[in-house]
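Asks: got a predicted model here, sequence first, then my questions.
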Amino acid sequence: MMGNEKWQMFRNRLTKVFRHTGKLAKKAGVTCYRLYDHDLPEFPFCIEVYGVNIYVAEYSRKHGMTEEEHDAWTEASLAIICEVLQVPKENIFLKLRQRKPGRLGQYQKFGDIQHEFIVQENGLQFIVNLSDYLDTGLFLDHRITRQMVREQSKDKKVLNLFAYTGSFSVYAAAGEAAEVVTVDLSNTYLNWAERNMILNEFDDKVRYRFIRADVKQYLKTIPSGYFDVIVMDPPTFSNSKRMDDHLDIQQDHVLLVNQCLSALSTGGVLYFSTNFRKFEMDRDRILATGIKDITRPTTPFDFAGKLHRFCYRVCK
């Protein structure tokens, strides 16, 4: 176990960011936000606040501790998190990579409280799950981008690709979109997306459609110029067995973006983002009237100073 000065450093750092970020969140009326993200190398956590609950994910690394030592280190870390954030232990959800042979990459939850609960963002409601999946159901770094889509959706036909749990679809519907189509390869996430829509009373099955499909193949079926706004936030890489082909965003982004542009009406807009930190947009091969890097203006206060993804506004 590490010395007392390291634990005090963690306590001090967490106290400082909680005061600062918590104050900004309260001022902005935000109840779900990222608090800490590997700020200290000795404490490689991502810590996020979801209302009264706290999501803690430990980044996998070679820590050099025995299983017993790591368990003790984890308990001591959680005790500090509970103390500083003033939350009971049962309100903390911990994601840990198992260190047993053959179990790498599996996750366990901490505590036995209800897996799902509802949070609010900009007057809308979303179902989050802090225990059962790798991600929580709401990507906090796209809070501003979602609002941009909401403000641009009135009377528009909106397409949400690689939709995950459909948060962009909810915002588009809240912006009075004429039609919202939500596309993902996962039945689990599509069902989650539909539940999010219904939770917000967007339950018109003609106006709001959910399609299980491989996006690369689905884009080939869209009539030219059909949509007015498209959101595309693909994984960096995927070789799912349910796909006809693998996806590599650096290699495939030109094709995907150009297919989206074909599906857009004249003057239409694509919001494209990627978490690939080495991503380079091949602007010369993209058939757009304009490409604007909106990474900085769409980065929320709780992600400021840390590059987590790129975001572009691509116009037809």
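Replies: Right, received. Where do you want to start?
Asks: so where is the stretch 51-200 of the chain shaky, pLDDT-wise?
Replies: For the stretch 51-200 of the chain, the stretches with pLDDT under 70 are 97-114.
Asks: and the helices in it?
Replies: Along the stretch 51-200 of the chain, counting by DSSP state H, counting those that start in this stretch, helices occupy 67-85, 143-152, 167-174, 187-199.
Asks: between those, which one is nearest to Ala304?
Replies: Counting by C-beta to C-beta, Ala304 lies closest to helix 143-152 out of the helices of the stretch 51-200 of the chain; the figure is 11.4 Å. The C-beta positions use only the backbone N, C-alpha and C, and glycine is treated the same way.
Asks: end-to-end on stretch 48-68?
Replies: 26 Å (C-alpha to C-alpha, to the nearest Å).
Asks: pull out the buried positions in that stretch.
Replies: 48-50, 53-58 (16 or more other C-beta atoms under 10 Å).
Asks: and if you look at stretch 206-226?
Replies: 208, 210, 213-216, 218-219, 222, 226.
Asks: can you check stretch 142-151 too?
Replies: 142-150.
Asks: quick check: mean pLDDT across the longest strand anywhere in the chain?
Replies: With residue count as the measure and DSSP state E as the assignment, the chain has strand 264-274 as its longest strand. Taken as a whole, strand 264-274 carries a mean pLDDT of 97.
Asks: and it with helix 143-152, angle?
Replies: Put simply, strand 264-274 runs at 170 degrees to helix 143-152, going by axes from the mean of the first three to the mean of the last three C-alpha atoms, to 10 degrees.
Asks: any chance you could give me strand 264-274 in CSV, C-alpha atoms only?
Replies: Written as CSV, here are the backbone C-alpha positions of strand 264-274 (Å, rounded to 0.1, in the frame of the first residue of the first chain):
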residue,chain,number,x,y,z
LEU,A,264,-28.9,14.8,-46.6
SER,A,265,-31.1,17.4,-48.2
THR,A,266,-29.4,20.5,-49.7
GLY,A,267,-28.3,22.6,-46.8
GLY,A,268,-28.5,19.7,-44.4
VAL,A,269,-26.1,19.1,-41.6
LEU,A,270,-24.2,16.1,-40.3
TYR,A,271,-22.8,16.1,-36.7
PHE,A,272,-20.0,13.7,-36.7
SER,A,273,-17.8,12.7,-33.7
THR,A,274,-15.2,10.1,-32.8
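Asks: please pull up the helix or strand immediately following it.
Replies: Moving toward the C-terminus from strand 264-274, the next helix or strand (DSSP states H and E) is strand 290-293.
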